[in-house]
Each structure stands twice: as C-alpha cells, then as structure tokens.
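Undergrad: Next come a sequence and a model predicted from it.
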Amino acid sequence: MPLATPDPRRRLFVQGAMLGTLRLVAAFNVILLVAICLFLLVQGLPALSWEFLSTPPREMMTAGGILPCIVGTAILALGSLLLAFPLGVATAVYLHEYAGNAPFARMVRLGVNNLAGVPSVVFGLFGLSFFVTFCGMGVSILSGVLTLAVLTLPVIISTAEESLRSVPDTYRQASLALGAGKAQTIARVVLPCAMPGMLTGAILGVARAAGETAAIMFTAAVFYTPKNPDSLFSSVMALPYHMYVLATAGTDIEKTRPLQYGTGLVLILLVLGMNLLAIILRDHLQRRHHA
C-alpha cells in the first residue's frame, strides 16, 4: 500500500506558523529586555553624576555615591573569574581529552550539571560555613571570591567541554601524525581552537558573579564601609547587595529610590562592559585563528 503524500500547502502552513511563533517569542524577549533597560535608564539616569560614581555613601546612605560598591563588585567578579576559569578549563580538558566516557567522568559530569542548577543562596550558605567559619577567613574578599568561583565553575566547565567537542578530531590526528605528543596537541592545537567558545563561558560566569547577592551577603559584603579594601581579608560593599539594602533596610527608602535605580543602572553598565571586553577578546582570538 503506497504511503500517503503529505499536502505541501499544509506543510508550508505549519512551517510558517511555527516560524511565526518563534519570531514572536524572540521579539517578546527582546522587547522585554529593552523595556527593562529603558526603565532603569529613565529612573536611574538623574542619579548619575561624577559625585555618585566617585564618592562613598553618606548620611545613612541617603546621599553620596557608590564608589566602594563599584570597586567591591569588580574585585569579586574578576577575582572569581581568575580562579574559576583555569580550573574549569583544566577540568573540561581532563573530562573530554583523557577521561572520555569512563564511569568517574560520567559522575563528574552529573555533579557539574546538578550544581549548575543549585540556587545561589545554597552556595552562600556553603561559603559561610566553610570559608568564613571553618577556614577562619571571615567575611572578606577571599571568602567571597572563593564562593563565587565555586558558583560559576559548573557553567565554565560545561561550556569549555562543549567547546572542546566542537574541535574536529582531524586536528588532533594531524598533530599526532606530525609527531606531537598528546599534551602538545592539546596545548598548541585544541585549546587555541576551543578558546573562543570557552570565553563564552567566562562571559556568563562574570555576568553571574557580578550580579549575585545571596552568595556574597554571607561571605564578603557588608552593610556599609566607606573605605576601599586594603587586603584580601577586607570586607567590601557590592552593587547588588547595596541595592538590596537600600530597598529593604534603608532609613528612608523613598528618599533612596533614585539611588536604587542609579545603582542598578551602574551594575548593568558594569556587567555589559565586562561582557564587551570578553567579546572583543573572543572575536580577536577567532580572527587570529582563522587568519
């Protein structure tokens, strides 16, 4: 019995309907993102000034600026990236290039995937109990950086391993055929090809670390300090935690409302700036690789 031939018009209609739905969903997401950014821009732009960006808070945080918050956020985000990125890349290299599909590697991948979905407050409680209390580091930059590094590590490992999978096996075979060892092949052939994709994971890690509140309020951030940190054991202020404090525990919440929006706008600009630098570096590596 011959198979029934599908109606071309019905197939085109279904295809057009699905594409139209996907376009609507994508447009909705873009519109929502633009609306949020415009709202913060309109509400927070009046608060932006050189004084706001270059001075610490004063008068019970109802006036002044957010300089300690900017410094603290940048230190925590970049410090966690410097720790998590090499560890994540090394773990991904071991899982993909050496362990393969061994039972231990499968267990590690399962743990990494589960950790990627753990709420950040759980990482914060872990950092409080282990780094702050057990290790005796106290509420400090070091405790916050280590906690954020643990938090962002699963994302970096997953994206780094996917980047390694995207490198064709013919590259490895050609390098080995020319007499290079496995370690040389990984260092000089595989990693340069996979690095642009790995930087995507770094971008996601920086964005998450810079915007975290729960993970740092237990380990690194304090309610108020007018000083910039002078050591790894200093506590700091941070933009997301400062927003939380202004919105929930301020002495005059309505008076600090413009400062809340201004802080949120600065946080978005800071994250976008970090992401932009990482994207420029990634594109530069891609162009150099394809040249």
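TA: Ah, there it is.

Undergrad: Please state the backbone phi and psi of the closest residue to Thr55 other than its chain neighbours?
TA: Excluding the flanking residues, the one nearest Thr55 by C-beta to C-beta, 6 or more residues apart in numbering is Gly65, at 3.9 Å. C-beta here means a position set from N, CA and C on the backbone, and glycine is covered the same way. Backbone torsions of Gly65, given as degrees, to the nearest 10, read phi -120, psi -160.

Undergrad: Please report the distance of Gly65 from Asp7.
TA: As judged by C-beta to C-beta, to the nearest Å, Gly65 and Asp7 stand 66 Å apart.

Undergrad: These two: which has the busier surroundings?
TA: Gly65 (23 against 10; other C-beta atoms under 10 Å).

Undergrad: Can you report how many residues neighbour Pro46?
TA: Applying other C-beta under 10 Å, I find that Pro46 has 10 neighbouring residues.

Undergrad: That one: what secondary structure?
TA: Look at Pro46: counting by DSSP: H, G, I helix; E, B strand; the rest coil, its state is helix.

Undergrad: Can you pull out the low-pLDDT segments for the stretch 1-150 of the chain?
TA: 1-6 (pLDDT under 70).

Undergrad: Would you state the strands of it in chain order?
TA: Using DSSP state E, counting those that start in this stretch, the strands of the stretch 1-150 of the chain run over residues 57-58, 63-64.

Undergrad: on that earlier part again, measure the residue nearest to Thr55 to Gln43 for me?
TA: Separation of Gly65 from Gln43 (C-beta to C-beta): 17 Å.

Undergrad: Return the backbone torsion pair for the spatially most central residue of the chain.
TA: The structure's the chain has its C-alpha centroid closest to Gly205; by C-alpha atoms, centre = their mean the separation is 2.4 Å. Taking degrees, to the nearest 10, you get phi -70, psi -40 for the backbone angles of Gly205.

Undergrad: pLDDT value on it, please?
TA: Looking at Gly205, its pLDDT reads 81.

Undergrad: repeat for the one 4 residues further on
TA: Ala209 is assigned a pLDDT of 82 by the prediction.

Undergrad: so how far is the host helix or strand of it off the chain centroid?
TA: Ala209 belongs to helix 191-210 when assigned by DSSP states H and E. Counting by C-alpha atoms, centre = their mean, to the nearest Å, helix 191-210 is centred 8 Å from the centre of its parent chain.

Undergrad: which strands and helices sit next to it?
TA: On a contact count with 3 or more C-beta pairs under 8 Å, 6 or more residues apart in numbering; DSSP states H and E, helix 191-210 meets helix 67-93, helix 141-165, helix 257-290.

Undergrad: Could you pull up the contacting residues of Tyr171?
TA: Each residue near Tyr171 by C-beta atoms under 8 Å, 6 or more residues apart in numbering is listed here: Val189, Val190, Cys193.

Undergrad: roughly how far apart are it and Leu276?
TA: For Tyr171 relative to Leu276 (C-beta to C-beta), the value is 30 Å.

Undergrad: Same check on Arg165?
TA: 27 Å.

Undergrad: what pLDDT, on average, does stretch 227-236 get?
TA: Mean predicted confidence for stretch 227-236 is 85.

Undergrad: got the buried residues for that stretch?
TA: Pro229, Ser234, Ser235, Val236 (16 or more other C-beta atoms under 10 Å).

Undergrad: Show me which pair in those is furthest apart.
TA: For these, the farthest-apart pair by C-beta to C-beta is Pro229 and Ser235; their separation is 7.6 Å.

Undergrad: okay, and the common contacts of these two?
TA: Common contact partners of Pro229 and Ser235 (C-beta under 8 Å, 6+ apart): Ile141.

Undergrad: Enumerate every residue touching the residue nearest to the centre of the chain.
TA: By C-beta under 8 Å, 6+ apart, the contact set of Gly205 is Ser80, Leu81, Ala84, Phe85, Gly88, Thr152, Val155, Ile156.

Undergrad: Okay then, goodbye and thanks.
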